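**Q** sequence and predicted structure, then a few things I'm wondering about:
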Amino acid sequence: MADGYSDQFRLSITEALSTQLYAALKELEPAPLTQENLDALVAQAERLGLPSKSGVYQLFRQEPGKERQLTYVGKADEPLPERLGNHLYKLSGREGISIDEMSFKCLFVEEDLSSVSPEKMLIKEHLKTGKIVWNNRGFGNNDPGRNRDRTTIKSTHFDLEFPIDLSREVRGLTPGVQSLHDVLWEIKRGIPFNFRFKHSAAFKELMVTVPEGNMTVDEAFRFVAQHLPDKWQICALLGWVIMYDDSPTTYPSARRYYRFEGVSTQTPKSRKPGKGDAEDGEEDGDFDE
């Protein structure tokens, strides 16, 4: 309580930082999310002498005939261009969205801000005036690992609205005779989403003939399935693809199964978001263990 001539003052460093980051980003104009622009970011970081190239960023989407929307706010502890490149890679392999709709803003941050979670500060500032479309929807997740292959995702999850595109072309497939092991790795390198498979020495010995011409992801997995031993299956989940010797195991969020005996589809299951799910901006709580 003030005594007329004195009072207590509390300085909030995090609030000041939040306000400054928000204001600095607001001054920038979004740029198309392209590899050319990300390469320019790398060059800029080198000119500025930033060794870590870490920072914060915003992603925007502008659908045809609609206003541009803020879709995601994040931070990059690793090099900022690399993190944005991961998003470019991910979005280029999804149904229902075009990479031409995406743009970004970013700030290189020289100080280590990991302990104060700058992206959460920015999210808090943005939520005062509107919403952020993809935060807390699993968009920022990488491969969550084997334990989450069997989970049921939230009905609001990014992967449910924008599943992986099985109709896109696999890049870099080599026609002719080669081992199934090599074919699997070429598919993994040639698609813009994660393909995780169990290794087997038998695949190095099993020779297959890859046909001439381009193949879609779906066609490539159908081809591989024709050569899989008993109990093996490829499972296309909503956000990634797995291959294990666990047939006829099924997965809640699976769309398609590729087995030696044929291909089958299912409607992915989802759940309503619960009270215990993470707050906006956190990636936990997108799955039901």
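**A** Here it is on my side, so go on.
**Q** show the backbone phi and psi for L237.
**A** L237 has phi and psi values of phi -80, psi -180 when expressed as degrees, to the nearest 10.
**Q** bridged to it, which residues?
**A** L237 forms beta bridges with A254, as assigned by DSSP bridges.
**Q** tally of neighbours for it?
**A** Using other CB atoms under 10 Å, L237 has 25 neighbouring residues. The way it works is simple: take the backbone N, C-alpha and C, and place the C-beta from them, glycine included.
**Q** which residues of the stretch 51-200 of the chain score low on pLDDT?
**A** Along the stretch 51-200 of the chain, the parts satisfying pLDDT under 70 run over 51-52, 110-118, 127-130, 141-142.
**Q** if we use 90, what do you get?
**A** By pLDDT under 90, the low-scoring segments of the stretch 51-200 of the chain are 51-56, 74-79, 107-133, 135-148.
**Q** do a quick rundown of the helices in it.
**A** With DSSP state H, counting those that start in this stretch applied, the stretch 51-200 of the chain shows helices at 80-91, 118-126, 158-161, 180-189, listed in chain order.
**Q** now do the buried residues in the last one.
**A** Of the residues in helix 180-189, those buried by neighbour count under the rule 16 or more other CB atoms under 10 Å are L180, H181, V183, L184, E186, I187, K188.
**Q** for burial, what's the neighbour tally of D143?
**A** The criterion is other CB under 10 Å. On that basis, D143 has 14 neighbouring residues.
**Q** need the contact list for it.
**A** Contacts here follow CB atoms under 8 Å, 6 or more residues apart in numbering; on that basis D143 touches N194, R196, W240.
**Q** among the residues you listed, name the ones in strands.
**A** In this view, those that belong to strands under DSSP state E are R196.
**Q** tell me the one of the contacts of D143 nearest A76?
**A** Comparing the contacts of D143 against A76 with CB to CB places N194 closest, at 19.2 Å.
**Q** go ahead and confirm the closest one touches L237.
**A** No. Using CB atoms under 8 Å, N194 is not in contact with L237, being 9.5 Å away.
**Q** that older thread, dump the buried residues of helix 180-189 into JSON lines; add distance to A43 as well.
**A** Shown next, in JSON lines, are these (distance: CB to CB, whole Å):
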{"residue": "L180", "distance to A43": "41"}
{"residue": "H181", "distance to A43": "38"}
{"residue": "V183", "distance to A43": "37"}
{"residue": "L184", "distance to A43": "36"}
{"residue": "E186", "distance to A43": "31"}
{"residue": "I187", "distance to A43": "33"}
{"residue": "K188", "distance to A43": "30"}
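**Q** quick one: which of these is nearest Y22?
**A** Here the nearest of those to Y22, counting by CB to CB, is K188; it sits at 39.3 Å.
**Q** run through the residues that contact the residue nearest to that closest one when sequence neighbours are not counted.
**A** The shortest distance from K188 to any residue that is not its chain neighbour, by CB to CB, 6 or more residues apart in numbering, is 4.5 Å, and that residue is F195. For F195, the set of contacting residues under the criterion of CB under 8 Å, 6+ apart consists of L184, I187, K188, W240, V241, I242, M243.
**Q** let's see that with 10 Å instead.
**A** 143, 164, 184-185, 187-189, 217, 220-221, 234, 236, 240-243 (CB atoms under 10 Å, 6 or more residues apart in numbering).
**Q** number of nearby residues for E63?
**A** Residue crowding around E63 was assessed by other CB under 10 Å; the count is 11.
**Q** next: the one 4 residues further on.
**A** The burial count assigned to E67 is 6, neighbours taken as other CB under 10 Å.
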